[in-house]
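[1] please find the sequence and the predicted model below.
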Amino acid sequence: MAYSKLSTNMYSIMEKGQRQARLFGKQVLVSSVFEIDKTDLPAFFSYKKRMYRGNRFFWSEPGRALTYVGLGSVFTLEANDPENRFQYVDSIWQELAASAVVEGKSSPYTGPILFGGFSFDPYRAQSEKWSDFAHTSFAVPKYMVTAHDGKFYLTSNRLVQADDAVLDDEELAQMLSDLQQLAPLQAEQDTDCPAMKEEIVPSDWMEAVREAALSIREGQLEKVVLARSLMLQGKEAFSSESVLLSLLEEQLNTYVFAIDKENSCFIGATPERLIKHQQQQLLTLSLAGTIGRGGSPTEDEELASFLSNDVKNLHEHKLAVDMIKSAMQELCLQVDAPNAPIIRKLKDIQHLATPISGVIKQGVTLLQAVEALHPTPALGGMPREEAIEAIRRLEHMDRGWYAAPIGWMNTELEGEFAVAIRSALLLEAKAYLFAGCGIVGDSDPLSEYKETALKFRPMLQALRALE
Ligand SMILES: C=C(O[C@@H]1C=C(C(=O)O)C=C[C@H]1O)C(=O)O
């Protein structure tokens, strides 16, 4: 695009933004969207790294039909108050979205997107390692590349005051031109295998599982998800870019995400949708019940068939389905779910999965749905409050954003949140990995321990810590 055309566009849209800012008496989001040629998405994540490091995100849907890469931020929303955190984000974003001036938008996946997430348990005091991640943290990026259905777009966002001078758009012109010639990002050369340390002594973790199973048999609760953490110590800082490349290549059927903050990056490849709002639909998933993959197609099918018929796994799964269905009935006019779970196969693991959908009731918002569902019994337990109490009492670690909702919303208030599992917090030369599993009355501590070991595998591989 010629630079002069860009200037005229920017000038007129900034003027509109200023008029709007005067009218509303507040700052207004001004956004312009450009369709661009195909570009390398991880390379864009790494673009001008010195400038954007600590202020970037990556999000890609399973199947990669939609990917967002955001750099910088023009608007941030951070809070640690545990009360009404979903309503807080909802009301601020609704107001900002309603006054936004957007030009050139030809797809719902372009224009200003609010991207971010929440911690798992806002009532838990934040530990040092999670200090970059407020309990509630969202941002509108300054620049965002969208890849959707084979098309690529650049969105440029500004936050405009009534009396702002028309901004120089040289940076944007430079970016549009650089985007045409980004060299594909290459993984770093093989590094030494990092040293591994269990953050919780295995026998202590298994003791917690035994205790949880006992409380369940005594009738104090029905299910609780207990997690544990591994720490990897590298020789030098872990590269979020290399981890991202590996996850994109290996974990096809997952949401690949990276949220880069000042000193740390939360990154992962989760298979679990929490909720998607698209047109009149709310779509969610119950994912609970786990087994490994077989070494041959026959063994793989035998394992899948065992999982589909295993009473313990079916019970764990049903608890999640029942709770999600009843939450969806409050949010939707009509709820659809199959009677029996299907098998969802990932690279190292297979799960029982039940997709659940419904027609959203008028006035219900995506964040209301997030609030109603988080945490589902697949990440917290059943009943919810008793399970959260048991996690606080037995887990002895800060989950931070692990197992919590992360995702995005557009100005039409549609969007999607996933549950941040199969994830790690990269903190310089350390990486903290998290994995958990559902405990029921007849859970065997050693089998549950092995199940968490399986769930660490995707991140261990991406961090080059698997032999
Ligand atoms: C808690 C995790 O996974 C969750 C627990 C599962 C289970 O208990 O079978 C399965 C999928 C996820 O909902 C994790 O991966 O850390």
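    Nice, thanks for sending it over. Numbering: from 1, shown residues only.
[2] count of residues packed around Ala418?
    26 (other Cβ atoms under 10 Å). Any C-beta I mention is one placed from the backbone N, CA and C, and that applies to glycine too.
[3] tell me the bridge partners for the closest residue to it other than its chain neighbours.
    Spatial nearest neighbour of Ala418, chain neighbours left out: Tyr255 (4.5 Å); criterion: Cβ to Cβ, 6 or more residues apart in numbering. With DSSP bridges as the criterion, Tyr255 is bridged to Thr270.
[4] if I look at Tyr255, how far off is the ligand?
    Using Cβ to the nearest ligand atom, to the nearest Å, we find Tyr255 at a distance of 13 Å from the ligand.
[5] test my guess that that residue contacts Trp59.
    Yes - taking contacts as Cβ atoms under 8 Å, Tyr255 lies within contact range of Trp59: 7.0 Å.
[6] those two: who's more crowded?
    Between Tyr255 and Trp59, Tyr255 has the larger neighbour count (other Cβ under 10 Å), namely 25 against 22.
[7] what does the pLDDT read for the more buried one?
    The per-residue pLDDT reported for Tyr255 equals 98.
[8] contact partners for it?
    Counting by Cβ atoms under 8 Å, 6 or more residues apart in numbering, Tyr255 makes contact with Trp59, Ser60, Glu61, Pro62, Ala269, Thr270, Pro271, Arg273, Ala418.
[9] skipping its backbone neighbours, what lies nearest the third one in space?
    Spelled out, it's Glu61. Tyr255 (6.1 Å).
[10] what about the closest residue to Arg384 other than its chain neighbours, is that helix, strand or coil?
    Once flanking residues are discounted, Arg384 sits nearest to Pro375: 7.0 Å by Cβ to Cβ, 6+ apart. Three-state call for Pro375 (DSSP: H, G, I helix; E, B strand; the rest coil): coil.
[11] what do you get for the one 3 residues further on?
    Judged by three-state DSSP, the three-state class of Ala378 is coil.
[12] I'd assumed Thr284 was in contact with it.
    No - between Ala378 and Thr284 there is no contact, the gap being 10.8 Å when judged by Cβ under 8 Å.
[13] look at the two and report which has more neighbours.
    Higher neighbour count among Ala378 and Thr284: Ala378, with 30 against 27, using other Cβ under 10 Å.
[14] now the phi/psi pair for the more buried one, please.
    phi -80, psi -20 (degrees, to the nearest 10).
[15] for it, give me its contacts.
    Val225, Glu272, Ser286, Leu287, Ala288, Ala320, Val419, Gly438.
[16] against the ligand, how distant is the fifth one?
    It refers to Ala288. From Ala288 to the ligand the distance is 5 Å (Cβ to the nearest ligand atom).
[17] and the second one, by the same measure?
    For Glu272, the distance to the ligand under the criterion Cβ to the nearest ligand atom works out to 5 Å.
[18] next, count neighbours for that residue.
    23.
[19] wait, isn't it in contact with Leu287?
    Yes - counting by Cβ under 8 Å, Leu287 is a contact partner of Glu272 at 4.8 Å.
[20] list the buried ones in stretch 181-196?
    Leu182, Leu185, Pro194 (16 or more other Cβ atoms under 10 Å).
[21] understood, closing this out.
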